[in-house]
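Asks: Fold the following.
(one chain, ligands or ions: 1)
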Amino acid sequence: MRIYRALNYSDMSRKAANILSAQVILKPHCVLGLATGSSPLGVYRQLIEWYKKGDIDFSEVTTINLDEYAGISKDDPHSYRYFMKENFWSHVNIDPDRINIPDGTQTEEEDECIRYDRVIASSGGIDMQLLGLGRNGHIGFNEPGGAFDKDTHCVSLTESTIEANKRFFEREDDVPRKAYTMGIRSIMQARRILVIASGARKAGIVREAFFGPVTPMVPASVLQLHNNVTLVGDEGALSMI
Ligand code: F6R
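Replies: Predicted coordinates:
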């Protein structure tokens, strides 16, 4: 694993955006696995800026998002699809036909998971997967205690994830209780993994995930078994390692 130490959130975002843009420049038709949440916002802002300057071209890129809330409409401002549209897709020249995210409106859970696994397989596999880190060690919506050998599946969110996500909703009761997520196996099949972490609140889980035992109780710890992981963290997030 490579660890890059950034000064702060914007430095972390720029370093991570550099790694992603190198991937796109080296392989213009690459497949990027993308994440939502507060960690990647700065990365997307930076990529948009470079796109507007003409330094990066997304026209051949395919994107595959990690996860989406279940039971939420595509236009709901809380959906991850909406988040991605607002914060990235609509600002760059990504072909809408090459954008992929689980369909949260699908009630046939198994069918949707099978469809999404086919999307990943038929893309030729993810070249670089961007990941944020949940404070309980989750990656995607793979919560502590889940099996490592899962592909896309529908999960019930833990109380701590509901608690962490309620900041985006008016009332805690509005936070969806289920989500579609790429599984640990799908994530581990990405050729390269880029983890970003910012702030002292992530320091404990960064240490546990990358320097503690590999255990389903800390889903991100499985990344220690991947042969091409890069962690970009800022001073706060790396303060315990
Ligand atoms: C988002 C996702 C989550 C987040 C994690 C960290 O698509 O899958 O695993 O990456 O919850 O969230 P932030 O970045 O908001 O701290």
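Asks: the strands in this structure, which residues?
Replies: 2-6, 31-34, 62-65, 67-69, 99-100, 128-131, 153-156, 178-181, 192-197, 229-234 (DSSP state E).
Asks: The residue nearest to residue 125 when sequence neighbours are not counted and residue 111, how far apart?
Replies: Of all residues not flanking residue 125 in the chain, residue 189 sits nearest, at 6.2 Å (Cβ to Cβ, 6 or more residues apart in numbering). In this view, the C-beta of every residue, glycine as well, is placed from N, C-alpha and C. From residue 189 over to residue 111 the distance is 21 Å, taken as Cβ to Cβ, to the nearest Å.
Asks: So these two - more neighbours on which side?
Replies: residue 189 (17 against 11; other Cβ atoms under 10 Å).
Asks: The more buried one and residue 127 touch, don't they?
Replies: No: judged on Cβ atoms under 8 Å, residue 189 makes no contact with residue 127 at a distance of 11.1 Å.
Asks: ok, residue 88 - contacts?
Replies: If you count contacts by Cβ atoms under 8 Å, 6 or more residues apart in numbering, residue 88 has them with 34, 44, 47, 48, 94.
Asks: Could I get the full set of helices for the chain?
Replies: 9-26, 41-52, 80-87, 109-122, 159-165, 184-188, 203-211 (DSSP state H).
Asks: elements contacting the longest one?
Replies: Using 3 or more Cβ pairs under 8 Å, 6 or more residues apart in numbering; DSSP states H and E as the contact criterion, the neighbours of helix 9-26 among helices and strands are strand 2-6, strand 31-34, helix 41-52, strand 128-131, strand 192-197, strand 229-234.
Asks: can I get these in CSV with mean neighbour count, distance to the ligand and mean pLDDT?
Replies: Shown next, in CSV, are these (neighbours: other Cβ atoms under 10 Å; distance: least, Cβ to the nearest ligand atom, whole Å; pLDDT from 0 to 100):
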stretch, mean neighbour count, distance to the ligand, mean pLDDT
strand 2-6, 16, 15, 98
strand 31-34, 24, 8, 98
helix 41-52, 19, 8, 98
strand 128-131, 25, 6, 98
strand 192-197, 25, 8, 98
strand 229-234, 23, 12, 98
